[in-house]
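*Asks:* Kindly return the folded structure for what I paste below:
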Amino acid sequence: MSELAWKSATELAGLIRARRLGSRELLDHMIARVERYDNQVNAVVVRDFDRARAAADEADAATRRGVSHGPLHGVPMTVKESFDLAGLPTTWGVPEMKDNIAARDGVVPQRLKDAGAVIFGKTNVPLMLADFQSYNAVYGTTHNPHRQGHTPGGSSGGGAAALAAGFTALEYGSDIGGSIRNPAHYSGVCGHKPTWGIVPMRGHALTGALTPTDISVVGPLARSIDDLELALELTAGSDRLHEPGWKLDLAPSEVEGAEGLRVALWCDDPIAAVDDSVQKVLRHAAEALSEAGAIVDDQARPDFTPQHCMDTYRTLLFSAMAARQPQAQFEQSIRRLEGLAPDDMSDGAQVLRAQTIRHRDWATANEARTRMRYAWADFFEKYDVLLCPVASVPSFPHDESEDMNARTLTVNGKTVSYFDQLFWAGMTGVSYLPGTVVPGGMTDGRLPVGIQVVGPEMGDRRTLAVARVIESLTGGFQAPEGFD
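*Replies:* Modelled structure (predicted):
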């Protein structure tokens, strides 16, 4: 039965629907894999096996009655630890929140359950969802199934690792600084960062906040693009306040293949240098698209400077993340700001100013963002999609040193700042654009590389469709060794 571990959620749903596979049978298979292999990965850190078995049994009983609960009827899956699931802890990796038990399901988990999914666990995250790695004092460190001791990404790293190891059929994560996209890239799976605002965030806030966080989205991870699209269709749409009058109606992709696709290619930039090993895979995918009939332009750029984009993103990102801070931590930031020299332009000083920004200054940054959104709209009148890296490097060895700002990475033999690669997530995320990550291939060192497919706002179906074309050309997901 090991082949079941690598089938897509769509395929598994079809087998259950055809009565060729039972939900309980499939769930027990996945639980057995978790119990056998997760001691070396540490991905599924909150386990809800008993309730999941009861749900799977009920799904099988419904199948026998000829009743289906939806497109994911009886399919086992996991969600990121940061989502509320009634009766389970939601900690975001914060030790002081280890006893924070959710009273009800978040909107996304509830919609997945309503579609028939059997959620059997929650997956690991970094502290406060703020790292390219996934470790914390509550649950420990998650390893990349492709290489022990390496990061699976963050902050949805546990979910990406669980998919790569064949523990789960589907996963749901979140993204404010690449937290769906970089785990998909590092772990060799698929991920979709939706257009901001089209999937409800309610039930994904450590403080119980109801206001959606700027830039932040929730979205699916999977081993196939078909699964991403299905999960998005099941979860996107208006939340309670907008349901009486607002309906999501995403435009169809109209993409059936590579022929005639207008593809912009952005492989590298001085502001965030990209390792040759990553560029090689990205260029290979672009060449495959070109050979299949796409028109590829590697000089195309939107009408703003990368530095302006990054400055705007950092201001809005750190302002948004500061809103999640406990009051005592925010007050400490205010005191540190008062002692800051006016001419201090260090990275730490700029982060502190963004964390404590005045509303008028935030509005100025937001206006800059709005102008970039219109620049992107102009750009996507000329090009169907943009292909770009997800991150500067493939998966790297764990670095859990406490001063994150002092961490470094090696790009083409040169030492660079750990956070430089945030550019590749931020330049599109800040403008609310959808981005789909599809496995493009492996480096010579056998580490996966993901390709980021970006489109216009509300162009989610387009990025998914182009990613599906790339998936067909590059082969898509490759299972890691040692998880048969």
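*Asks:* Which residues outside stretch 250-269 are in contact with it?
*Replies:* Applying C-beta atoms under 8 Å, 6 or more residues apart in numbering, the contact partners of stretch 250-269 are 198, 236, 274, 279, 282-283, 286, 289-290, 292-298, 300-301, 306, 379, 382-389, 423, 458-462, 464-466, 469, 473. The way it works is simple: take the backbone N, C-alpha and C, and place the C-beta from them, glycine included.
*Asks:* Please type out the PyMOL selection for whichever of these turn out to be buried.
*Replies:* Per 16 or more other C-beta atoms under 10 Å, the buried members of the contacts of stretch 250-269 correspond to this PyMOL selection:
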select buried, resi 198+236+274+279+282+283+286+289+294+296+306+379+383+384+385+386+387+388+389+423+458+459+460+461+462+464+465+466+469+473
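*Asks:* mind listing the strands for the stretch 151-300 of the chain?
*Replies:* Remark: strands assigned in the stretch 151-300 of the chain by DSSP state E, counting those that start in this stretch are 171-175, 190-193, 217-222, 262-265, 295-297.
*Asks:* model confidence over the second one, on average?
*Replies:* The predicted model gives strand 190-193 an average pLDDT of 99.
*Asks:* So which residues make contact with it?
*Replies:* The contact list for strand 190-193 (C-beta under 8 Å, 6+ apart) reads 156, 160, 173, 175, 180-181, 183-184, 217, 219-225, 227-229, 232, 429, 434-439, 450, 460, 463-464, 467, 471, 476-477.
*Asks:* just the third one next, same as before
*Replies:* Contacts of strand 217-222 with the rest of the structure, by C-beta under 8 Å, 6+ apart, involve 8-9, 83, 108, 156, 159-160, 163, 170-176, 180, 183-184, 189-197, 199-201, 204, 227-228, 231-232, 235.
*Asks:* Give me the buried positions along stretch 33-51.
*Replies:* Within stretch 33-51, the residues scored as buried using 16+ other C-beta under 10 Å are 33-34, 37-38, 41-49.
*Asks:* Restricted to helices, list the residues you listed.
*Replies:* Among these, DSSP state H puts Arg33, Val34, Tyr37, Asp38, Val41, Phe49 in helices.
*Asks:* now the residues you listed as CSV including distance to Arg358 and pLDDT?
*Replies:* Output for those, formatted as CSV (distance: C-beta to C-beta, whole Å; pLDDT from 0 to 100):
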residue, distance to Arg358, pLDDT
Arg33, 51, 98
Val34, 48, 98
Tyr37, 50, 98
Asp38, 46, 98
Val41, 44, 98
Phe49, 49, 98
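*Asks:* May I see the residues you listed organised as a markdown table, with distance to Pro397 added?
*Replies:* Formatted as a markdown table, these follow (distance: C-beta to C-beta, whole Å):
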| residue | distance to Pro397 |
| --- | --- |
| Arg33 | 25 |
| Val34 | 25 |
| Tyr37 | 21 |
| Asp38 | 20 |
| Val41 | 16 |
| Phe49 | 32 |
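*Asks:* of all these, which comes closest to Arg324?
*Replies:* Val41 (27.5 Å; C-beta to C-beta).
*Asks:* quick revisit: between the strands of the stretch 151-300 of the chain, which gets nearest to Ala322?
*Replies:* Judging those by C-beta to C-beta, what sits closest to Ala322 is strand 171-175, at 17.3 Å.
*Asks:* distance between the helix or strand containing Arg373 and the chain's centre?
*Replies:* Arg373 belongs to helix 359-382 when assigned by DSSP states H and E. Centroid displacement of helix 359-382 relative to its chain, using C-alpha atoms, centre = their mean, to the nearest Å, is 23 Å.
*Asks:* Also stretch 193-209?
*Replies:* Mean-position distance between stretch 193-209 and its chain equals 13 Å (C-alpha atoms, centre = their mean).
*Asks:* Going forward, the N-terminal residue is numbered 56.
*Replies:* Sure, I'll start numbering at 56, so the last one becomes stretch 248-264.
*Asks:* and the spatially closest residue to Ser242 that is not a sequence neighbour, how many neighbours does it have?
*Replies:* Leaving aside its chain neighbours, Ser242 sits nearest to Ala215 (3.8 Å; criterion: C-beta to C-beta, 6 or more residues apart in numbering). Neighbours of Ala215 under the rule other C-beta atoms under 10 Å: 38.
*Asks:* Who are the contact partners of the closest residue to Gly204 other than its chain neighbours?
*Replies:* If the residues on either side of it in the chain are set aside, Gly204 comes closest to Pro452, at 5.7 Å by C-beta to C-beta, 6+ apart. Pro452 makes contact with Gly204, His205, Thr206 under the criterion C-beta under 8 Å, 6+ apart.
*Asks:* neighbour-wise, which of the residues you listed leads?
*Replies:* Neighbour tally across the contacts of Pro452 (other C-beta under 10 Å): the maximum, 29 neighbours, falls on Thr206.
*Asks:* Leaving out chain neighbours, which residue sits closest to it?
*Replies:* Thr206's closest residue in space is Gln188 (C-beta to C-beta, 6+ apart), at 4.4 Å.
*Asks:* and the one you found, what helix or strand is that in?
*Replies:* Remark: Gln188 resides in no helix or strand, with elements defined by DSSP H and E.
*Asks:* Domain ranges for the protein, per the record?
*Replies:* Following automatic domain parsing, one gets these domains for the chain: 57-301, 361-420.
*Asks:* just to revisit the earlier point, can you verify my assumption that the residue nearest to Thr206 contacts Gly209?
*Replies:* Yes. Contact status for Gln188 versus Gly209: in contact at 4.9 Å, counting by C-beta atoms under 8 Å.
*Asks:* Find residues that contact each of these two.
*Replies:* Both Gln188 and Gly209 are contacted by Pro181, under the criterion C-beta under 8 Å, 6+ apart.
*Asks:* and the residue minimising distance to the centre of the chain, what does it touch?
*Replies:* In the chain, the C-alpha closest to the average C-alpha coordinate belongs to Ile235, at a distance of 0.9 Å (C-alpha atoms, centre = their mean). By C-beta under 8 Å, 6+ apart, the contact set of Ile235 is Ser211, Gly228, Ser229, Gly246, His247, Lys248, Val272, Gly274, Pro275, Leu276, Val492.
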